[in-house]
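In: One predicted model, sequence on top.
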Amino acid sequence: MREQLHLTGSEKGCDQGQCGTCTVLIDGKRINACLTLAVMQNGREITTVEGLAQGDTLHPLQQALIEHDAFQCGYCTPGQLCSAVGLILEDEAKTVSHVKLAAERDGTLRAILHEAIAETSRIEDYVEVVVNWSGQLYACDNVRLGYQLVALDQYTPIDMRAPGAAHGVHALEVAMDELAYALDMDPLALRLKNYTDRDPMKDLPYSTKELRACYERGAQRFGWARRTMAPR
């Protein structure tokens, strides 16, 4: 693609199928180009980052990266874009999470349960760190985590930056929002109530953690104090 077709958007990274920098779409599904021979894809539709735009109109994800200055160094950006577009197109690529929280009326967390079922292929055991975050983000004495893999007849899933955290943390934070609503408590206040400067799973202090400052700065800039309590 790079040397003969001059489609230089797809980068060569680890050359081992781990980093995702070379991700392209084949018939709308994500695949690591570095692990695939061209002859294996004869007759199939291959989309690189160059093919995401429609003429001069950028793909919405491309436009979003520009508007929010999300390029980082730019080297991994094509792979990230193709991974994100593929994730949307595939639809069936799922990690199913089940989260339960128990808390006192004042918002103090007493128990966290997070179980997840993720997919892999029949040829590899692809494992993401999905549930671990639920035992690290908030102070809680009783935590139970569970993770299972289901082998499916499809490509082995591939990494996209912060694999596992994107959907694992999302499941936990949705549950925290629902708990805040049930307690009639401000969601930000609930998070601050259970804020921790130590890793609860290891009982070790974090070397750096500025999440409290992020909460405060974000709340100020977003006008959090003026929001309505009811969820949208």
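Out: The structure has been received and is ready for your questions. Residues are numbered from 1 along each chain as shown.
In: CA atoms for contacts and neighbours, from now on please.
Out: Noted.
In: Does Leu188 lie in a helix or a strand, and which?
Out: Per DSSP states H and E: Leu188 is located in helix 187-193.
In: just checking, what packs against the longest helix seen in the chain?
Out: Assignment by DSSP state H gives helix 165-183 as the longest helix of the chain. The contact analysis (3 or more C-alpha pairs under 8 Å, 6 or more residues apart in numbering; DSSP states H and E) places helix 165-183 against strand 95-103, helix 187-193.
In: what about those, which gets the closest to Met1?
Out: strand 95-103 (31.7 Å; C-alpha to C-alpha).
In: Just the buried residues of the closest one, please?
Out: When burial is assessed from 16 or more other C-alpha atoms under 10 Å, strand 95-103 yields the following buried residues: 95, 97, 99, 101.
In: which neighbours does the following helix or strand past it have in its sheet, and in what orientation?
Out: Sequence-wise, the next helix or strand downstream of strand 95-103 (DSSP H and E) is strand 109-121. Strand 109-121 sits in its sheet next to strand 95-103 (antiparallel), strand 143-152 (parallel), going by DSSP bridges.
In: Which one of those lies nearest to Leu25?
Out: For the strands paired with strand 109-121, the distance to Leu25 is smallest for strand 143-152, at 18.9 Å, taking C-alpha to C-alpha.
In: quick one: buried residues of that closest one?
Out: By 16+ other C-alpha under 10 Å, the buried positions in strand 143-152 come out as 143, 145, 147, 149.
In: What average pLDDT does that strand get?
Out: What strand 143-152 shows for mean pLDDT is 93.
In: swap in stretch 77-90?
Out: Stretch 77-90 comes out at a mean pLDDT of 85.
In: pLDDT score assigned to the residue nearest in space to the middle of the chain?
Out: Nearest to the geometric centre of the chain sits Ala166, at 1.9 Å (C-alpha atoms, centre = their mean). For Ala166, the model assigns a pLDDT of 79.
In: how does the chain divide up, domain by domain?
Out: The chain breaks down by automatic domain parsing into domains covering 23-90, 95-226.
In: ranking these by mean pLDDT, which is last?
Out: Least confidently modelled of the domains of the chain is domain 23-90, at a mean of 87 by mean pLDDT.
In: Might you calculate how far that domain sits from the centre of the chain?
Out: Relative to the mean C-alpha coordinate of its chain, domain 23-90 is positioned 17 Å out (C-alpha atoms, centre = their mean, to the nearest Å).
In: hmm, back to that, just give the strands next to whatever helix or strand comes next after the helix holding Leu188 in its sheet, each with its orientation.
Out: Going down the chain from helix 187-193, the next helix or strand is strand 198-199, by DSSP H and E. Strand 198-199 pairs in its sheet with strand 204-205 (antiparallel), by DSSP bridges.
In: doesn't Leu87 fall inside a strand?
Out: No. Assignment of Leu87 by DSSP: H, G, I helix; E, B strand; the rest coil gives helix, placing it outside any strand.
In: neighbours of it, just the number please.
Out: For Leu87, the count of nearby residues is 17 (other C-alpha atoms under 10 Å).
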